[in-house]
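Q: Only the shape, not the letters, is given here:
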C-alpha cells in the first residue's frame, strides 16, 4: 500500500505556486510566462521542458513551471529538478513546498521507497514552515501530510488538529476549511457538514465549499449527495477580472479555478455514477470552453485531454456515437499510461457500437 492515501491535496497546493507573479521570467519568445503557460494548458509539456531545462540561474517561477511539466512526463526527472530547486533557492519556502509535493507523488508511486520519500516530504514541509512562519499555504500542506500519511510515515492526526488551529489564527476563513477537512478525515462528518453548510451559504466561499464537499461525496461514491452539491456549480458565476495587478485578482483566480474544477467534477460524477449524463455533458462543455478562454493559471486543473475523454464517455453512454468520435479527435498526444489505457478502451467501445 502506498504511504500516502492520496497526494491530491499536496499536489494541488504545490502546483498552485505556479500562479506566482511572472515578472521574474525573461520576456523572450520561448520562455515568457504567457507562452509557457499556454503550452502547458495544451498539454505540450515537452515545449516547457525544452525551453527551461538549459536556462542557467532559474528563478523560482521557472523552476515551478519546469517541475510541473516534468511531473507530467517523467517523475524521476522532476525529483532531480526539485533537488536542484532547493540547492538554488535554499532560503525560499516555495522550493521546499514544491519539493514536498514531488516527494509525495513519488511516495505514492513506489512501494519500496515510499517511507524514504515520505520522510523527505515531511522534512521539506517543516522547513517551509520555518522559512515562512506566517504563510497559510505551508501550514495547509503540512496539515495535509499529517492527515494523509500513516503514522509509520510520520502522519499524526493530533498534529493535524493543532495545525488547523494555527491556520485559523492566521486566517479564520482558511481555518474553517482546515477544520472541515480535518473532521472529514477523522470521520466526524456531521461536524464537517455543518461547517461546509455555513460556508456554502456565504457568497465568497460557496463555490470552494461546494467543490470540497461534493468531491468528498464523489470519492465516497455517494453519488446522489455529490450531485446535489456539485450541480449548483453549473449555474454559478464568477465576475471576471482582467487586470492581474488588481487587488481582487488573487481572489478571482482562486474562485474561478474552484468553479472550473467543480464543473469537471460534475462531468466525472456523471461518468462514475452512470446517471445525469446530459448534466455532465453540459458541465464538461462549459469546462472546455471556459478553460480554453480563461486568463487564469490552469496548471492545477485537469487538462483538456481529460475533459475530452470524459465528454466522449458520456456521449457514448447516450449513444451519440458520431459526437463521441468527433470529441476524441480533439485529443492530442498524451504520455500518461492510465489515460492511454482509458482512451484505448473507449475507442474499442465506440468501434463496437458504430
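A: Received the coordinates, thanks. Predicted model, so just to flag it, every value in this text is computed and none were measured. Numbers count the residues shown, from 1 in each chain.
Q: Let me know whether residue 47 touches residue 39 as I believe.
A: Yes: Residue 47 lies in contact with residue 39 (C-beta atoms under 8 Å); the separation is 4.3 Å. Where you see a C-beta, it was placed from the backbone N, CA and C, and this is true even at glycine.
Q: following the lowest-mean-pLDDT helix or strand in the chain, which helix or strand shows up next?
A: Lowest by mean pLDDT, DSSP states H and E among the helices and strands of the chain is helix 8-15, with a mean of 39. As assigned by DSSP states H and E, the chain's next helix or strand after helix 8-15 is helix 33-41.
Q: which of the residues in that following helix are buried?
A: 33, 35, 36, 37, 39, 40, 41 (16 or more other C-beta atoms under 10 Å).
Q: Tell me the one among those residues nearest to residue 279.
A: Comparing those against residue 279 with C-beta to C-beta places residue 41 closest, at 25.3 Å.
Q: any idea how far that closest one is from residue 332?
A: Residue 41 is 11 Å from residue 332, where distance means C-beta to C-beta, to the nearest Å.
Q: again with residue 319
A: Between residue 319 and residue 332 the computed distance is 26 Å (C-beta to C-beta).
Q: what's the answer for residue 353, then?
A: 24 Å.
Q: Next: residue 241.
A: Distance of residue 241 to residue 332, given as C-beta to C-beta: 30 Å.
Q: Which one of those two is surrounded by more residues?
A: Neighbour tally, residue 241 and residue 332, criterion other C-beta atoms under 10 Å: the higher count belongs to residue 241, 18 against 11.
Q: Could you find the closest non-adjacent residue to the more buried one?
A: Once flanking residues are discounted, residue 241 sits nearest to residue 252: 4.0 Å by C-beta to C-beta, 6 or more residues apart in numbering.
Q: for that neighbour, what are its contacts?
A: By C-beta atoms under 8 Å, 6 or more residues apart in numbering, residue 252 lies in contact with 238, 239, 240, 241, 246, 296.
Q: Drop anything exposed from those residues.
A: By 16+ other C-beta under 10 Å, the contacts of residue 252 give 238, 241, 296 as buried.
Q: Tell me the one of these nearest residue 53?
A: Checking the buried ones among the contacts of residue 252 one by one against residue 53 (C-beta to C-beta), the nearest turns out to be residue 296, at 26.0 Å.
Q: Residue 250 is in contact with the closest one, correct?
A: No: with contact defined as C-beta under 8 Å, residue 296 does not count as touching residue 250 (10.3 Å).
Q: Do me a favour and average the pLDDT over the helix or strand containing residue 165.
A: Secondary structure from DSSP H and E places residue 165 in helix 157-170. Mean pLDDT, helix 157-170: 98.
Q: Which elements pack onto that helix?
A: helix 136-148, helix 172-185 (3 or more C-beta pairs under 8 Å, 6 or more residues apart in numbering; DSSP states H and E).
Q: could you say what helices and strands the last one packs with?
A: Applying 3+ C-beta pairs under 8 Å, 6+ apart, one finds that helix 172-185 contacts helix 136-148, helix 157-170, helix 189-200, helix 206-219.
Q: roughly how far out does it sit from the chain middle?
A: Relative to the chain's own centre, helix 172-185 is displaced by 18 Å; criterion: C-alpha atoms, centre = their mean, to the nearest Å.
Q: Return the set of buried residues in that helix.
A: Buried residues in helix 172-185 (16+ other C-beta under 10 Å): 174, 175, 176, 177, 178, 179, 180, 181, 182, 183, 184, 185.
Q: just the shortest one next, same as before
A: Taking 16+ other C-beta under 10 Å as the neighbour-count basis, helix 136-148 is seen to contain the buried residues 136-148.
Q: which other residues reach the helix or strand containing residue 289?
A: Residue 289 is part of helix 277-293 when elements are defined by DSSP H and E. Helix 277-293 has contacts (C-beta under 8 Å, 6+ apart) with 41, 227, 231, 233-234, 260, 263-264, 266-271, 298, 301, 304, 307-308, 310-311, 314-315, 317-318.
Q: do the same with stretch 179-192
A: 9, 143-144, 147-148, 157, 160-161, 164, 168, 195-196, 199, 209, 212-213, 216.
Q: picking up where we left off before, would you convert the buried residues of helix 172-185 into a markdown table that also reports distance to residue 342 and pLDDT?
A: Shown next, in a markdown table, are the buried residues of helix 172-185 (distance: C-beta to C-beta, whole Å; pLDDT from 0 to 100):
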| residue | distance to residue 342 | pLDDT |
| --- | --- | --- |
| 174 | 35 | 97 |
| 175 | 38 | 98 |
| 176 | 36 | 98 |
| 177 | 31 | 98 |
| 178 | 34 | 98 |
| 179 | 36 | 98 |
| 180 | 32 | 98 |
| 181 | 29 | 97 |
| 182 | 33 | 98 |
| 183 | 33 | 98 |
| 184 | 28 | 96 |
| 185 | 28 | 95 |
